[in-house]
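**Q** output the structure for:
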Amino acid sequence: MEGFVTLGTEVPWIRKRPGEVLDYVWDLSDYLGSSETLSGISVVADAGITIGTSPAPAINASPLQVTLPDGSSKTIAAGEAAVIWLSGGTIGSRYDITATATSGARTIQRTFQVRVVE
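**A** From the prediction side, this is the model:
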């Protein structure tokens, strides 16, 4: 998952503050075949952090320009990423977020962690 810090080689994580309401982009372009796009997205989270419902997790309808951790940028084509909105959380807590995306016969599931900081 681009833009996330990694715990070992397994669990990517991000920091957020409790008062922030932010969107996170899950780039799935590397998992998709040529001309393939996502058809569905669902997200579950540990109790204590809120997954946005307005807007709800969604597949990008237009290309997204994102900045990568190394400072370079990447354009993600329409239908190749999920946008997940998160809010809340308690300072010092960690929350697992599990996202599942579908595209034709493919099901892609990943978990990342949110660490809430001051």
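**Q** where do the helices sit along this structure?
**A** Using DSSP state H, the chain contains no helices.
**Q** find the centremost residue of it, please.
**A** Trp26 (3.8 Å; Cα atoms, centre = their mean).
**Q** tell me the contacts of it?
**A** Residues in contact with Trp26 (Cβ atoms under 8 Å, 6 or more residues apart in numbering) are 1, 81-84, 99, 101, 110. The way it works is simple: take the backbone N, C-alpha and C, and place the C-beta from them, glycine included.
**Q** do you know how far the closest residue to Ser42 other than its chain neighbours is from Ala82?
**A** Distances taken as Cβ to Cβ, 6 or more residues apart in numbering put Thr100 closest to Ser42, at 5.0 Å, once the chain neighbours are dropped. According to Cβ to Cβ, to the nearest Å, Thr100 and Ala82 sit 9 Å apart.
**Q** so what sits against both of those two?
**A** Common neighbours of Thr100 and Ala82, counting by Cβ under 8 Å, 6+ apart, are 41, 43.
**Q** still on that earlier bit, in JSON lines: the contacts of Trp26, plus pLDDT.
**A** Shown next, in JSON lines, are the contacts of Trp26 (pLDDT from 0 to 100):
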{"residue": "Met1", "pLDDT": "50"}
{"residue": "Ala81", "pLDDT": "95"}
{"residue": "Ala82", "pLDDT": "95"}
{"residue": "Val83", "pLDDT": "94"}
{"residue": "Ile84", "pLDDT": "95"}
{"residue": "Ala99", "pLDDT": "94"}
{"residue": "Ala101", "pLDDT": "95"}
{"residue": "Arg110", "pLDDT": "91"}
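**Q** let's have these in JSON lines, adding distance to Thr50 and neighbour count.
**A** Formatted as JSON lines, these follow (distance: Cβ to Cβ, whole Å; neighbours: other Cβ atoms under 10 Å):
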{"residue": "Met1", "distance to Thr50": "20", "neighbour count": "17"}
{"residue": "Ala81", "distance to Thr50": "21", "neighbour count": "23"}
{"residue": "Ala82", "distance to Thr50": "17", "neighbour count": "22"}
{"residue": "Val83", "distance to Thr50": "15", "neighbour count": "18"}
{"residue": "Ile84", "distance to Thr50": "11", "neighbour count": "22"}
{"residue": "Ala99", "distance to Thr50": "15", "neighbour count": "22"}
{"residue": "Ala101", "distance to Thr50": "20", "neighbour count": "24"}
{"residue": "Arg110", "distance to Thr50": "19", "neighbour count": "15"}
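**Q** with that, I have no additional questions.
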